[in-house]
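Participant: this one's structure only:
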């Protein structure tokens, strides 16, 4: 087990009707002028935005609205948000939406008090946001885990770069999580979310060869078992509150670091997927992960058969084949693939139906290893050649 | 699943040698004059106190030493600590020790900025500490979970009352957790700790009849499985770093609320045990819990056979007896009892060898229901009669 630090100062306010109290929550922190950040029309259509502004008014909190976030949120929009916050002297950002909206809010929050720094430098790790505006959120999609995580992923349209970085400034002050708000998420998006949640835990579980992380393993396995059941239940009945609640809370725990503590955390599949949806923005992140994961797993699992077999036995109820543990490992990956299929998720790049051209696979690998400037560490180190191999396997 | 709030702003700094950096950690927060609070001679003998003061000096942090905390920490000592903090204008308390030392520090922290309130009123829930001194800790025993919890338990020698209360002021700023510091904890104290850790999760798991807490259940079960293995391993080899690490991190997670989120949390066995060690202070808390738990479980389990059976199947690997789930439930309790025995823990009041008199059982029950003023809610409500029954069963 590695040494670790774990610091998640986000207050999670979880359950039915919790969003209706957002004004009181913000007032208690003493903020005066806030920006409400959101995506497209769904929060208007559902009435959520009205509930939010009603609560803000009730508690005398001034606000400015700023919508328009798209999936794969862009640096351009975030920069507009920074300008707006400065102009309006906003002292708090409330994100109302899913991971894209929350990540956009985090990017804005980093930028506002650092006007002399090009915010893209934070993503290139050429600068560090020493200070940021405080922010919080009302979550509407269980998937990215951004509501309590330290990560933030943004797409820079110049060149189609999609990059993320971790920062303590990215931990929200609070996360209001009402599973009912996810009842209207489509089956497809729910499936994408289920995959993303599982992947945040799986990439930690399978990310490195760290030995002896017994408790972290058990927590990760338990979370995966709960998500598998809840993902299937929410697919059958989108208004199953308990299933939605499991997915929502699992989404937070899967990406707030808990399920990887003490381990080397790598996230190779996430890095590969960023290139895929970076170049083809119509691809939903969760679908991209689903299309790549099993190929990645089959490509790397011989480097740590024992661990893949443990996953198969403990999470997928595969009987251990002591004579041929590789069979156990591969059976686990097969069951995972079948599970993704059962949710209507693609298990190859072709099934994404996004028109990805085979000749682009090399360019995606080339971007992923930063034109020769990095390899991806993990149980198997991936250089450009291996990345191309995996993209082809998944094609 | 119930609505919940989860807020654990404590920074956990976990792993080898982490205590050596405590001066830098405190300096980063900007404190000037701190009180180092500890127990008896063990932190002196082990050299830990010297390491701490060396690091404080290195970073130019003034400090005052205040030792003398005993197991079942007292209000009298805490009041002395409050006086000392005021006199020395201390702005931060560093607890170096286990749950008793940390709880004593929390009690002092609550009292210092509230000189006009009798601090016992906080424990009687007649007053609330609106402000408190900040505090942090270096943990030396895996057990109570006080290092990240919101609880604090203190004994008022006047009348032998042992009481606890929860407060956001009890969340430490940081917890420095180095498993190596627990290598020297005796087998008996290690066993007590293992029981206490399991009980914090079990009392949440079995505390109420809340339905549909799938994820919380899975996390609790995973934690219990990891602790059972690590408890046995640490009993065999006290210097097994990985086992000690599992126990240490599990101790924090077991009592920081994670393993009970969304559930009614009751803690009946803890309440009963407080009377036992309150009246017989030589009894270690974990040993008292071990002496009572299985009798309590057999007494109440018919009220929620399904849940006790789930525990037996998922944690103790008992085969489900669908025709007679009660058999499954009871088999799980038996295995738990055998596990406690394997650690050298008492499974009856008699085995505590503390000279507990049978005629005191009624007085303990009478105190536990506050002389007729409360019952203990749970899957089975306990009034004085039921408490007496359980004490007798366990006798």
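Facilitator: Cool, the structure landed. Predicted model only: the values in this text are computed from it and were never measured.
Participant: contact residues of chain A facing chain B?
Facilitator: A:1-16, A:18, A:212, A:214-215, A:217-219, A:221-223, A:225-227, A:229-230, A:241-242, A:245-246, A:249-250, A:253, A:261-262 (C-beta under 8 Å from any C-beta of the partner chain). Any C-beta I mention is one placed from the backbone N, CA and C, and that applies to glycine too.
Participant: in the longest helix anywhere in chain A, which residues are buried?
Facilitator: What stands out as the longest helix in chain A, according to DSSP state H, is helix A:214-236. Under the neighbour-count criterion of 16 or more other C-beta atoms under 10 Å in any protein chain shown, helix A:214-236 has A:214-228, A:230-231, A:233-235 buried.
Participant: so residue A:266 touches residue A:380, yeah?
Facilitator: No - counting by C-beta atoms under 8 Å, residue A:380 is not a contact partner of residue A:266; they are 10.1 Å apart.
Participant: and the two? Which one has more around it.
Facilitator: Taking other C-beta atoms under 10 Å in any protein chain shown, residue A:266 and residue A:380 do not tie; residue A:266 has more neighbours (20 against 16).
Participant: and the closest residue to the more buried one other than its chain neighbours, helix, strand or coil?
Facilitator: In space, residue A:266 comes closest to residue A:207 once its chain neighbours are excluded; the distance is 3.7 Å by C-beta to C-beta, 6 or more residues apart in numbering or on different chains. Classification of residue A:207 using DSSP: H, G, I helix; E, B strand; the rest coil returns coil.
Participant: enumerate every residue touching residue A:207.
Facilitator: Counting by C-beta atoms under 8 Å, 6 or more residues apart in numbering or on different chains, residue A:207 makes contact with A:260, A:263, A:264, A:265, A:266, A:267, A:268, A:378, A:379.
Participant: give the buried subset of these as a PyMOL selection command.
Facilitator: To isolate the buried ones among the contacts of residue A:207 in PyMOL, judged by 16+ other C-beta under 10 Å, type:
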select buried, chain A and resi 260+263+265+266+267+268+378+379
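Participant: and for residue A:292, the neighbour number?
Facilitator: 26.
Participant: touching, it and residue A:270? I think so.
Facilitator: No - contact criterion C-beta under 8 Å: residue A:292 and residue A:270 do not qualify, at 9.4 Å.
Participant: what's the angle from the helix or strand hosting residue A:245 to helix B:214-236?
Facilitator: Taking DSSP states H and E as the definition, one finds residue A:245 inside helix A:241-255. Put simply, helix A:241-255 runs at 50 degrees to helix B:214-236, going by axes from the mean of the first three to the mean of the last three C-alpha atoms, to 10 degrees.
Participant: packing partners of helix A:241-255?
Facilitator: strand A:4-14, strand A:174-177, helix A:187-205, helix A:214-236, helix B:214-236 (3 or more C-beta pairs under 8 Å, 6 or more residues apart in numbering or on different chains; DSSP states H and E).
Participant: residue B:364: which of the ones you listed is closest?
Facilitator: Closest to residue B:364 of those is helix B:214-236 (C-beta to C-beta; 27.7 Å).
Participant: what angle separates that closest one from helix B:187-205?
Facilitator: Going by the same axes, to 10 degrees, helix B:214-236 makes 170 degrees with helix B:187-205.
Participant: now helix B:214-236: mean pLDDT?
Facilitator: Mean per-residue pLDDT for helix B:214-236: 98.
Participant: in chain A, which residue is most central in space?
Facilitator: The centre of chain A sits closest to residue A:144, judged by C-alpha atoms, centre = their mean, with a distance of 2.5 Å.
Participant: what is the rounded mean pLDDT of the helix or strand following the helix holding residue A:245?
Facilitator: As assigned by DSSP H and E, the chain's next helix or strand after helix A:241-255 is helix A:268-279. Helix A:268-279 shows a mean pLDDT of 93.
Participant: what do you get for stretch A:184-195?
Facilitator: Rounded mean pLDDT across stretch A:184-195 is 97.
Participant: report the buried residues of it.
Facilitator: A:185, A:189, A:190, A:191, A:192, A:193, A:194, A:195.
Participant: likewise for stretch A:106-118?
Facilitator: Going by 16+ other C-beta under 10 Å, stretch A:106-118 has these buried residues: A:106, A:107, A:108, A:109, A:110, A:111, A:112, A:113, A:114, A:117.
Participant: which SSE is the residue nearest to the centre of chain A in?
Facilitator: Residue-wise, residue A:144 maps onto no helix or strand under DSSP H and E.
Participant: what is the burial count for the nearest residue to it once chain neighbours are set aside?
Facilitator: Distance criterion C-beta to C-beta, 6+ apart; nearest residue to residue A:144, sequence neighbours excluded, is residue A:99 at 2.5 Å. Residue A:99 has 30 neighbours, counted by other C-beta under 10 Å.
Participant: separation between residue A:99 and residue A:15?
Facilitator: Distance, residue A:99 to residue A:15, using C-beta to C-beta, to the nearest Å: 21 Å.
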